[in-house]
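Colleague: okay, predicted coordinates and the sequence, questions at the end:
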Amino acid sequence: MDWTSRRITAILENALLEDRATRDATTYACIDSNQRASATIIAKQDCVLSGLGCLHRILDVFSALDGTVTSHPEVTSHTEIFDGVRLRKGQSVAVIVHNARVVLSCERVILNIMQRMSGIATLTRKYVDAVEGTSAVILDTRKTAPGLRLLDKYAVTCGGGHNHRLDLSDGILIKNNHIALAGGVVPALERALRNRRGSEMVEIEVRSLEELDLVLQHGAEAVLLDNMPPDQLRQAVEHVRKSGKPIPLEASGGVTLENVRAYAETGVDFISVGALTHSEQAVDLSMRIGPA
């Protein structure tokens, strides 16, 4: 993750501007402008860490927005602490030593971002662990928080998952609404194959074995098996393997932590899980601040 990229910087700027962090009335009224503070971020539950790099970057972005900060932050963490590591309850994540006003004004934005990202990473790791020993790869979806997709998808990778499409320009995935408007799976697929730009892979969603057979006959290069129970998925996998066409198969719809193992054991290559980024529970992190 390049925390200095333009797109990430814009996300962090917007978060600080939303909170009016440079206009922190309480901190301005209570804290001397020259006071130094030491802040320790603590994991209050077992979790998988994501977002560690945002610490220094948020403080730098705040300084640029504020225009009056002259000191530089010191952010330290143990060498064993990095994005993707499993944290234990009570474990220290990092220590920030900086101007007290800056630390207090950035506290909530830092925690909001790290708690969300670590929540996504933690949930993703549970799914990845659940399918361990199978060939299935856990994928995310575009069901991300508006404006936070880069952070959400990076957090998925911290949990051991893989990213599907980053956005609508990132590959062709023909879904049910495209199929309905195009007049069926065959015309939708044929148009996509004819009109694609360059060598984009064409993936199409099917909801039955009959539709699967049709798209195999008409050149599908990857298939999304949507809302099929494990028994039907297994039949679909066997059908494709017998056809001799080595195309990727993705399962989607109705997948939970309780049943993801059953989906993985059908032999599908990928399992996409929207819950990774739309139903995660933020991890409980705290920031303990005192004089430096």
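Modeller: It's in. All of these numbers come straight from a predicted model, not from anything done at the bench.

Colleague: drop to CA atoms for contacts and neighbour counts, all remaining ones
Modeller: Fine.

Colleague: most remote residue from the chain's center?
Modeller: Checked against the mean C-alpha position of the chain, the extreme residue using C-alpha atoms, centre = their mean is residue 32, at a distance of 38.8 Å.

Colleague: quick one: contacts for that residue?
Modeller: Under the criterion of C-alpha atoms under 8 Å, 6 or more residues apart in numbering, the contact list for residue 32 reads residue 101.

Colleague: for residue 100, see how far away it is.
Modeller: As for residue 32, its distance to residue 100 is 8 Å (criterion: C-alpha to C-alpha, to the nearest Å).

Colleague: go on, residue 158?
Modeller: With C-alpha to C-alpha as the criterion, residue 158 and residue 100 are 31 Å apart.

Colleague: need the contact partners of stretch 247-258.
Modeller: Residues from elsewhere that reach stretch 247-258 (C-alpha under 8 Å, 6+ apart): 126-127, 130, 221-228, 233, 237, 240, 263, 268-273.

Colleague: no, scratch that, I was asking about stretch 65-72
Modeller: Under the contact criterion C-alpha under 8 Å, 6+ apart, stretch 65-72 has outside partners 13, 22, 63, 98-99.

Colleague: check the separation of the first and last residues in that stretch.
Modeller: This stretch, stretch 65-72, spans 14 Å end to end (C-alpha to C-alpha).

Colleague: tell me the buried residues in that stretch?
Modeller: Across stretch 65-72, burial judged by 16 or more other C-alpha atoms under 10 Å covers residue 69.

Colleague: where's it relative to the chain centroid, distance-wise?
Modeller: Its chain's C-alpha centre lies 31 Å from the corresponding centre of stretch 65-72 when counted by C-alpha atoms, centre = their mean, to the nearest Å.

Colleague: quick one on the thing from earlier: shouldn't the residue farthest from the centre of the chain be within a helix?
Modeller: No - using DSSP: H, G, I helix; E, B strand; the rest coil, the assignment for residue 32 is coil, not a helix.

Colleague: any idea how far residue 174 lies from residue 228?
Modeller: Counting by C-alpha to C-alpha, the separation of residue 174 from residue 228 is 17 Å.
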